[in-house]
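Peer 1: quick one: sequence plus predicted model below, questions after.
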Amino acid sequence: MDRSAAETRATEAEARQPAPLNYAPPLPARWRRIWRFARWGILIAAIVLASKYGAVVWRRWEFLRLQAECMNAELPQDRPMMAAGLDQTRSLAAQSKEYQVNSGWAVRADPRWAKLEARLGLPAPAHPPATLFLHERYTSSGKRRLVVVEISKEPLSRGDLIVTVLSPADFRTDRDRSPPKPSISSVGIWSSRGRSSDGYLPPAQTVWGAGVPDPADRSRFTIPLEVLGLSETLRLKLEDDETVSTAFADEKGFATKVRESWDRFVRAPVVGSMPQELTVTRPELTPQQKIADAIRRLRNRESIIRGRAARELLHAEVAPRHIMQALVRAVEAGDFAAREGLTLAIERAQSSGKGVEAELAKADRETDPAARAFLNSANRAVAAEK
């Protein structure tokens, strides 16, 4: 019995053994050499393609990443995107380094759009505009677009909105090599509703907030603002022709309130800690007296006062427009030499009656070294505007 049981166990153990594998015969030496050369060829081809197209693919991926960040961007709702006034500007600048402060304005330019804008090759303005809205929107026909709304503090922009509408790129397009041209859309509240003599509302009384997309309509979005202490909402819509239409929530009521507030503003000192001279020129002054008063305020220590005086002189047309544009730009940019030279030329022109251009042409004959340097700086500023 023991022998029979042992044989049975041995038979079962043999049955449990795996069947032997029948390996394929090895490749002939000739085919092994071909396969070895093929592997080296694939590796070399991969290296060549990576060296030739790797950078292009990386740049494309980086561009699409920046574009996606802008398409899904959410601007901070707890602080203004653009504000004006000495006290508020200083407060914002002290709280965060994301604001750029110049001539009494605090401006927040979104860094994501700034990077994408640079990749698109769009020209960089002297003063970066505030980014009021940055997100994707759809037309009513279903076209997906990146919509960017900015507002500039350039001296001659008159507070117009700069609206950029971009068709999103993908790996098959080459959008980053053919930059789009931004379309300019004017809100129109500054001159038509504000009764400002030069189309500007008081800098110390304007605040723009961050825009938000409308969750109920993917073509619409809103931007809050405050003018002369009055809160309002600007409603915008991406149209089928890829332009952006604008309207206020309370169009007639807001216009009336702004006009009333503007009338009170021009008749009273500015509230808060702003200097008394920030009030506009009194209406009882004659036109010549207003010009003389504006020229005097060009040398005021407050940049906002100097800026307003320059814009008043621009509106009064005391000199050809390109000269006055140079003055406004010098004041806004803090170019003391050019501002002083243009102020000196305007003062002399008012006394001699010969015109500002004639006074600027006398720069080389000026005997006072300081005045000659100022006039030469003014001439360079004027030449840059032509």
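Peer 2: Done, it's in. Numbering: from 1, shown residues only.
Peer 1: who are the packing partners of the strand or helix carrying Arg235?
Peer 2: Element membership for Arg235 (DSSP states H and E) is strand 230-238. The elements that strand 230-238 packs onto, with contact taken as 3 or more CB pairs under 8 Å, 6 or more residues apart in numbering; DSSP states H and E, are strand 130-138, strand 144-151, strand 220-227, strand 244-248, helix 251-267. Every C-beta, even on glycine, is put in place using the N, C-alpha and C of the backbone.
Peer 1: what pLDDT, on average, does that strand get?
Peer 2: The pLDDT scores in strand 230-238 average 87.
Peer 1: tilt between that strand and strand 144-151?
Peer 2: Counting by axes from the mean of the first three to the mean of the last three CA atoms, to 10 degrees, strand 230-238 lies at 150 degrees to strand 144-151.
Peer 1: if we can go back for a sec, between the helices and strands packed on strand 230-238, which one is closest to Val356.
Peer 2: Val356 lies closest to helix 251-267 among the helices and strands packed on strand 230-238, at 27.5 Å (CB to CB).
Peer 1: sorry, back to before: how about the helices and strands packed on strand 230-238 in a markdown table, adding mean neighbour count?
Peer 2: A markdown table is the format used below for those (neighbours: other CB atoms under 10 Å):
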| stretch | mean neighbour count |
| --- | --- |
| strand 130-138 | 23 |
| strand 144-151 | 22 |
| strand 220-227 | 19 |
| strand 244-248 | 16 |
| helix 251-267 | 15 |
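Peer 1: for Leu344, find the nearest of these.
Peer 2: Closest approach to Leu344 among these (CB to CB): helix 251-267, 29.1 Å.
Peer 1: tell me which strands and helices the very next helix or strand once past that closest one is in contact with?
Peer 2: Note on helix 251-267: by DSSP H and E, the next helix or strand toward the C-terminus is helix 287-297. When contacts are defined as 3+ CB pairs under 8 Å, 6+ apart, helix 287-297 packs onto helix 303-316, helix 336-352.
Peer 1: any idea which helix or strand comes after the first one?
Peer 2: The reference is to helix 303-316. Downstream of helix 303-316 (by DSSP H and E), the next one is helix 321-333.
Peer 1: quick one: average confidence on that following helix?
Peer 2: On average, helix 321-333 scores 87.
Peer 1: kindly export the strand holding Arg235 (C-alpha atoms) in PDB.
Peer 2: Extracted in PDB, the C-alpha atoms of strand 230-238 (Å, rounded to 0.1, in the frame of the first residue of the first chain):
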ATOM      1  CA  LEU A 230     -22.500 107.600  -7.000                       C
ATOM      2  CA  SER A 231     -22.400 103.800  -7.400                       C
ATOM      3  CA  GLU A 232     -23.500 102.300 -10.700                       C
ATOM      4  CA  THR A 233     -23.100  99.100 -12.700                       C
ATOM      5  CA  LEU A 234     -21.900  99.000 -16.300                       C
ATOM      6  CA  ARG A 235     -23.600  96.200 -18.300                       C
ATOM      7  CA  LEU A 236     -21.700  94.800 -21.200                       C
ATOM      8  CA  LYS A 237     -22.500  92.200 -23.800                       C
ATOM      9  CA  LEU A 238     -20.400  90.400 -26.500                       C
END
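Peer 1: if anything else comes up later, I'll come back, but that's it for now.
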